[in-house]
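A.B. asks: Provided below are the primary sequence and the corresponding predicted coordinates.
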Amino acid sequence: MVAATFLEASPEDAPARIQALAGEMVESQDKEASEIALEAIGRESLPRLRSLLKAPDEEVRLRAARCALGLRDDMAIETLRTIAQDEASAYRLEALHAVLVSARRNDAISLARRMLRDKDARMVLAAYEALRRMEDVAVRRELVGRSFHLEQIAQTDRKAIYVSRSGLPRVVVFGAPLDCHDNIFVEAANETVVVNSRAGQDHVSLTRKDPARPGVIGPIRSGFSIGEIVRVLGSERQRADAERLSGLGIPYADVTAVLEQLCAKDAVTAEFWAGPLPKIGGIVK
């Protein structure tokens with residue numbers, strides 16, 4: 001925006017410049033520069049931007065609405081909301097981000113909660129990340145042990161377990177409460193953790209083999225809720241002289257491995273979503 005700002009300009013120049021930039025937004029193949037320049041001009045651009053909210057080209061509508069919302073014009077929210085909820089639109093994620101970044105808090109939360117029920121996993125995750133940043137009550141968060149967070153979201157039709165692979169370690173349960181079935185036998189890839197429940201059994205048994213000591217830790221009984229199983233897996237292990245064990249204290253990586261196996265073996269009716277890996281290209285270079 002700084003680069004697009006004219007430092008020497010008279011008030012008479014602005015209308016002509018706005019008209020020219022709006023024309024470029026409609027006709028040019030590269031619409032980014034005109035959108036930035038119109039926002040750099042400021043609220044004087046709003047009347048022309050509002051006229052573009054009805055343009056036949058969806059990209060023009062998106063850019064005009066995003067620019068107008070950046071200039072604090074709440075009239076643009078409805079255009080962005082419509083694009084974000086249109087399953088056939090190629091710009092829905094951009095429209096959602098525009099609202100989440102620039103709209104008032106209540107408007108952003110309202111749309112994000114609605115998008116939690118979307119069929120597109122990208123939209124669901126974008127809505128979740130925004131609600132999480134805004135610390136909205138739709139995302140229930142708790143610390144498990146000392147290593148990661150468990151977050152549960154009830155206001156969604158998706159049944160999924162998301163695990164982060166960069167940033168803050170966290171397990172996210174979409175469609176909570178989410179339960180696994182009985183008659184299951186699942187173990188982590190390194191065979192140190194076993195989740196087991198016989199047919200008709202009213203609980204799940206969890207055990208851990210600790211490479212540093214002989215024997216097996218557990219079993220610990222858990223309900224069928226994924227949230228409860230995660231707590232047992234990740235909660236800190238008590239001292240050896242504790243009367244009753246309530247946590248296995250396994251590392252976050254092993255917790256995610258168990259959850260992946262639960263989904264892969266249909267022990268729980270849910271998708272497994274792994275977050276993006278850390279971006280380390282710059283460090284390597």
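C.D. replies: Yes, it's here. Residues are numbered from 1 along each chain as shown.
A.B. asks: give me every residue that touches Ala14.
C.D. replies: Ile41, Glu44 (Cβ atoms under 8 Å, 6 or more residues apart in numbering). No exception for glycine: its C-beta is placed from N, CA and C like everyone else's.
A.B. asks: please identify the helix or strand for it.
C.D. replies: helix 13-27 (DSSP states H and E).
A.B. asks: next, the residue most central in space within the chain: secondary structure please.
C.D. replies: When Cα atoms, centre = their mean is applied to the chain, the residue found nearest the centroid is Leu125 (2.9 Å). Three-state assignment for Leu125 (DSSP: H, G, I helix; E, B strand; the rest coil): helix.
A.B. asks: same deal with the one 5 residues further on?
C.D. replies: Three-state secondary structure (criterion: three-state DSSP) places Ala130 in helix.
A.B. asks: Phe185 too?
C.D. replies: Going by three-state DSSP: Phe185 is strand.
A.B. asks: hmm, Gln201 and it touching each other?
C.D. replies: No: the pair Phe185 / Gln201 is not scored as a contact, 11.6 Å apart, by Cβ atoms under 8 Å.
A.B. asks: what's the separation between the closest residue to Ala267 other than its chain neighbours and Val163?
C.D. replies: Nearest non-adjacent residue to Ala267, counting by Cβ to Cβ, 6 or more residues apart in numbering: Ile184, 4.1 Å away. Distance of Ile184 to Val163, given as Cβ to Cβ, to the nearest Å: 19 Å.
A.B. asks: what's the mean pLDDT across the helix or strand harbouring Ala253?
C.D. replies: Element membership for Ala253, per DSSP H and E: helix 252-264. The predicted model assigns helix 252-264 a mean pLDDT of 93.
A.B. asks: list the contacts of it.
C.D. replies: With Cβ under 8 Å, 6+ apart, helix 252-264 has contacts from 147-148, 161, 163, 169, 171, 180, 184, 186-190, 192-193, 195, 226, 230, 233-234, 267-268, 270-272, 274.
A.B. asks: buried only: go through the residues you listed for me.
C.D. replies: Among the contacts of helix 252-264, those scoring as buried are 147-148, 161, 163, 169, 171, 180, 184, 186-188, 192-193, 195, 226, 230, 233-234, 267-268, 270, 272 (criterion: 16 or more other Cβ atoms under 10 Å).
A.B. asks: among the residues you listed, which are in helices?
C.D. replies: Judged by DSSP state H, helices contain the following of those: Ile226, Val230, Leu233, Gly234.
A.B. asks: dump those residues into TSV; add distance to Arg117 and pLDDT as well.
C.D. replies: As requested, these are arranged in TSV below (distance: Cβ to Cβ, whole Å; pLDDT from 0 to 100):
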residue	distance to Arg117	pLDDT
Ile226	20	95
Val230	23	95
Leu233	29	92
Gly234	29	91
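A.B. asks: ok so, going back, of the contacts of helix 252-264, which belong to strands?
C.D. replies: Phe148, Ile161, Val163, Val171, Ile184, Val186, Glu187, Val193, Val195, Glu271, Phe272, Ala274 (DSSP state E).
A.B. asks: now do the same contact list for the last one.
C.D. replies: When contacts are counted by Cβ under 8 Å, 6+ apart, Ala274 touches Tyr162, Val163, Arg165, Thr256, Glu260.
A.B. asks: Gly175 is in contact with the first one, correct?
C.D. replies: No: counting by Cβ under 8 Å, Tyr162 stays clear of Gly175, with 11.1 Å between them.
A.B. asks: more neighbours: those two, which one.
C.D. replies: Ranked by neighbour count (other Cβ atoms under 10 Å), Tyr162 and Gly175 place Tyr162 first, with 24 against 20.
A.B. asks: please name the residues that touch the more buried one.
C.D. replies: Here Tyr162 is in contact with Leu125, Tyr128, Val171, Val172, Phe174, Trp273, Ala274, Gly275 (Cβ under 8 Å, 6+ apart).
A.B. asks: where does pLDDT dip in the chain?
C.D. replies: 4, 6-12, 189, 211-213, 237-245, 280-285 (pLDDT under 70).
A.B. asks: spit out the contact partners of the residue nearest to Ala267.
C.D. replies: Ile184 neighbours (Cβ under 8 Å, 6+ apart): Val195, Asn196, Ser197, Val204, Leu262, Lys265, Ala267.
A.B. asks: and Thr269, how far from Gly275?
C.D. replies: From Thr269 to Gly275 the distance is 21 Å (Cβ to Cβ).
A.B. asks: which one's more surrounded, those two?
C.D. replies: Gly275 (17 against 12).
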